[in-house]
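# Need coordinates for the below:
(one chain, ligands or ions: 1)
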Amino acid sequence: MIKVGLLGAGRIGKVHAKSIVADSRSQLVAVSDVNEEAARQLAATCGATAKSSQEILADSSIDAVLIATSTDTHSGFIEAAVAAGKAVLCEKPVDLNLERALACQALAAKAGRPVMIGFNRRFDPNFAALKRAFDAGEIGKGELLSVTSFDPSPPPVSYINVSGGLFRDMAIHDFDMACWIFGGAPASVTAIGSSIVDPAIGAAGDVDTAVITLHFADGRIAVIKNSRRAVYGYDQRVELLGATGLLSAGNVLENTVAKITTAGALSAKPEYFFLERYMKAYEAEWRAFVDAVEAGSNYPVTLQDGVNALAVAEAATLSWKTGRTVQLKDGRPVAA
Ligand SMILES: NC(=O)c1ccc[n+]([C@@H]2O[C@H](COP(=O)([O-])OP(=O)(O)OC[C@H]3O[C@@H](n4cnc5c(N)ncnc54)[C@H](O)[C@@H]3O)[C@@H](O)[C@H]2O)c1
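Next comes the predicted model:
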């Protein structure tokens, strides 16, 4: 039985708590949060104890920690957890800053402890099936990847201010999707962005609508489209054109009822947001982490994957700000 400490009892911490409890191979023993009441409430529903993060990290009976705290705390907690000998599953992104993430990666490598990053979309049954079919050679060499990722509505500006911006916070999932499907990081990144959904997002120095093009060294291209607002729900689609065909994974709808009348055809909307759409993915992500902890190897998403996606996010931010294509050299963005 893997004993687990959960850091962070917010939105995503609550989701992960359920997955930890649902897996018979893991036991949630402690929950921490700077909001002690939030930690107490979540711990009480899971048969766990509310403790401080420091107490969790110092507890030698705890094998693994799941870091679901605010983004600016991630690399510090990763470093403390690996130094304490824990296996780590940490939410995305690794950090708000690439250089800080690289320092964290170097420290984790020295400690020799595994760190998995929470790119949950890899565990979505549809995207995972697409990847399996691609890897099995069913459409030949991949040439052009299109990722559509629209949120149903924008977050408050207070969130934008601490999130690192659309590229680091939201598009980072899509950057990982492209790197995962194509197997490695792109050679260059070109991004354009606007704040046409909410001017307050622009005033906060961020964008709410963006198109990012990733160019891989061998010529393959990935196009990522992001918006903070799709009024009909969470729009999450992937399409991959290969030399001998096309693979696509569409939205998961709220139900499968279709109405067809003389006026036309109507189906249900996409599931509302990530808590609905990706619940199965979060559960599968946790099971994959436990598989790797038990095996002592084969962590399916690595700290390197987290660093790669963050490097693309920094390159996209730089490209958007300068209006130029940004190269990635030795894993770092280089302005043209
Ligand atoms: N993979 C996904 O689909 C997904 C979805 C949502 C959020 N996230 C990521 O998860 C993280 C948390 O996001 P959220 O939406 O749950 O935010 P949230 O604000 O709801 O929860 C974060 C919690 O961390 C606590 N916290 C902050 N600093 C802390 C510290 N030093 N020690 C202990 N607790 C601390 C806060 O009090 C809060 O309860 C973010 O990094 C976000 O990018 C990932």
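
# what's the nearest residue to the one residue sitting closest to the centre of the chain if we skip its chain neighbours?
The chain has residue 119 as the residue nearest its centroid, 3.5 Å off, counting by CA atoms, centre = their mean. In this structure, residue 119 finds its nearest non-sequential neighbour in residue 176, 4.4 Å apart by CB to CB, 6 or more residues apart in numbering. For the C-beta atoms, the positions are set from N, CA and C on the backbone; glycine is no exception.

# show me the contacts for that neighbour.
Residues in contact with residue 176 (CB atoms under 8 Å, 6 or more residues apart in numbering) are 92, 119, 121, 122, 301, 305, 306, 308, 309.

# ok, which of those residues also contact the ligand?
Contacts with the ligand within those, counted by CB under 6 Å from any ligand atom: residue 92.

# Helices of the protein, start to end?
11-22, 36-46, 53-58, 74-83, 98-111, 125-135, 157-163, 166-169, 171-182, 199-203, 274-277, 279-295, 303-322 (DSSP state H).

# any low-confidence regions in this protein?
Applying pLDDT under 70 to the chain flags the ranges 336.

# per-domain residue ranges of it.
In the domain annotation for the chain, the residue ranges read 2-120+282-302, 122-273+307-335 (automatic domain parsing).

# Quick one: end-to-end distance for the last one.
By that I understand domain 122-273+307-335. Criterion CA to CA, to the nearest Å; first-to-last residue distance in domain 122-273+307-335 is 30 Å.

# Identify each buried residue in stretch 70-78, please.
Judged by neighbour count (16 or more other CB atoms under 10 Å), stretch 70-78 contains these buried residues: 71, 73, 74, 75, 77, 78.

# number of nearby residues for residue 112?
Around residue 112 there are 8 other residues, counting by other CB atoms under 10 Å.

# can you offset everything so residue one is 582?
Sounds good: first residue 582 from here, last item residue 693.

# what's the distance between it and the ligand?
25 Å (CB to the nearest ligand atom, to the nearest Å).

# How about residue 737?
Residue 737 sits at a distance of 11 Å from the ligand (criterion: CB to the nearest ligand atom).

# Check residue 775 too.
Distance from residue 775 to the ligand, counting by CB to the nearest ligand atom: 22 Å.

# Just list the residues touching that residue, thanks.
By CB under 8 Å, 6+ apart, the residues touching residue 775 are 783, 788, 789, 790, 791.

# Can you pull out the residues in contact with stretch 813-828?
Contacting residues not belonging to stretch 813-828 are listed as 702, 708, 711, 714-715, 719-733, 758, 762, 829-833, 835, 850-855, 857-858 [CB under 8 Å, 6+ apart].

# dump the residue contacts of the closest residue to the ligand within the chain.
Minimum separation of the chain from the ligand (CB to the nearest ligand atom) falls at residue 591, amounting to 1.8 Å. Residue 591 sits next to 614, 619, 649, 650, 651 when contact means CB under 8 Å, 6+ apart.

# so the third one makes contact with residue 585?
No. Here residue 649 lies out of contact with residue 585, judged by CB atoms under 8 Å, at a distance of 11.5 Å.

# More neighbours: which of these two?
When neighbours are counted by other CB under 10 Å, residue 649 and residue 585 differ, and residue 585 comes out ahead with 30 against 25.

# tell me which parts of the chain are close to the ligand?
Proximity of the chain to the ligand (CB under 6 Å from any ligand atom) is limited to residues 588-594, 613-616, 619, 634, 649-652, 654, 672-673, 699, 701, 750, 855.

# what about burial for these, which qualify?
For the residues of the chain next to the ligand, a burial check counting by 16+ other CB under 10 Å picks out 588-590, 593-594, 613-614, 619, 634, 649-650, 652, 654, 672-673, 699, 701, 750, 855.
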